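# Sharing a sequence plus its predicted fold:
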Amino acid sequence: MLLETARECGVPLALEPLHPMYAANRAVVNTIAQAVNICETVDPDRSGLIGVAVDVYHCWWDPELKASIAAAGQAGRILAYHVCDWLHETGDMLLDRGMMGDGVIDLPAVRSCVEGAGYDGLVETEIFSAQNWWQRAPDEVLAICAERLRTVC
């Protein structure tokens, strides 16, 4: 089992629920609650080796988001936190993610939930943006990411 290999190597595994738009061809785990349930099933002793990645792009829509994040935190299951934004007028569901603050996600509220659930790890930005951010100079993108992490997230 993969969990045994992770245990032997001392490497944690994070399940990342993906937005339901990917249910047909990429993922059947679409909510944090589903991911936590899988973690509890395969690792009821809560070894710290299996948990969830909270990716705002994939979970912001969930009406149970706040409760699911709290439950994941209570179970010690939050292993990663990813930020970007969901653009109102997106051109590509995979490769048109917005820079934090350019879209519709209430990023401060989600971060408050994640931190309130006890997560104090790294914040990873995932700006998959083939037609916008990937076309810009890396120094510009990094500077804007840093500024938005301080002011928007």
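Looks like it came in fine.

# Could you use CA atoms for every contact and neighbour count after this?
OK.

# Show me what the worst-scoring helix or strand of the chain on mean pLDDT is in contact with.
Taking all helices and strands of the chain together, the one with the lowest average confidence (mean pLDDT, DSSP states H and E) is helix 2-9, at a mean of 88. Contacts of helix 2-9 with the rest of the structure, by Cα atoms under 8 Å, 6 or more residues apart in numbering, involve 12-13, 49-50.

# Now tell me what touches the helix or strand that contains residue 51 from outside.
Take DSSP states H and E as the rule and residue 51 turns out to sit in strand 50-55. Residues outside strand 50-55 that contact it (Cα under 8 Å, 6+ apart) are 3, 12-17, 32, 35-36, 39, 43, 72, 76-83.

# about what we covered before: can you tell me which of the contacts of helix 2-9 is nearest residue 115?
Among the contacts of helix 2-9, residue 50 lies closest to residue 115 (Cα to Cα), at 18.9 Å.

# Could you report the neighbour count for that closest one?
Each residue near residue 50 was counted by other Cα atoms under 10 Å, and the total is 25.

# What is the neighbour count of the closest residue in space to it that isn't next to it in sequence?
With sequence-adjacent residues excluded and distances taken as Cα to Cα, 6 or more residues apart in numbering, residue 50 is closest to residue 13, at 4.7 Å. With neighbours defined by other Cα under 10 Å, the count for residue 13 comes to 18.

# I'd say residue 13 and residue 47 touch.
No - with contact defined as Cα atoms under 8 Å, residue 13 does not count as touching residue 47 (11.1 Å).

# got the contact list for residue 28?
Remark: with contacts taken as Cα under 8 Å, 6+ apart, residue 28 is in contact with 18, 20, 22.

# can you tell me which of these lies nearest to residue 113?
Within the set of the contacts of residue 28, residue 18 lies nearest residue 113; the separation is 18.7 Å, counting by Cα to Cα.

# Residue 27 is in contact with the closest one, correct?
Yes - with contact defined as Cα under 8 Å, residue 18 reaches residue 27; the gap is 6.2 Å.

# Give me the more crowded residue out of those two.
Neighbours per residue, other Cα under 10 Å: of residue 18 and residue 27, the larger number sits with residue 18, 22 against 14.
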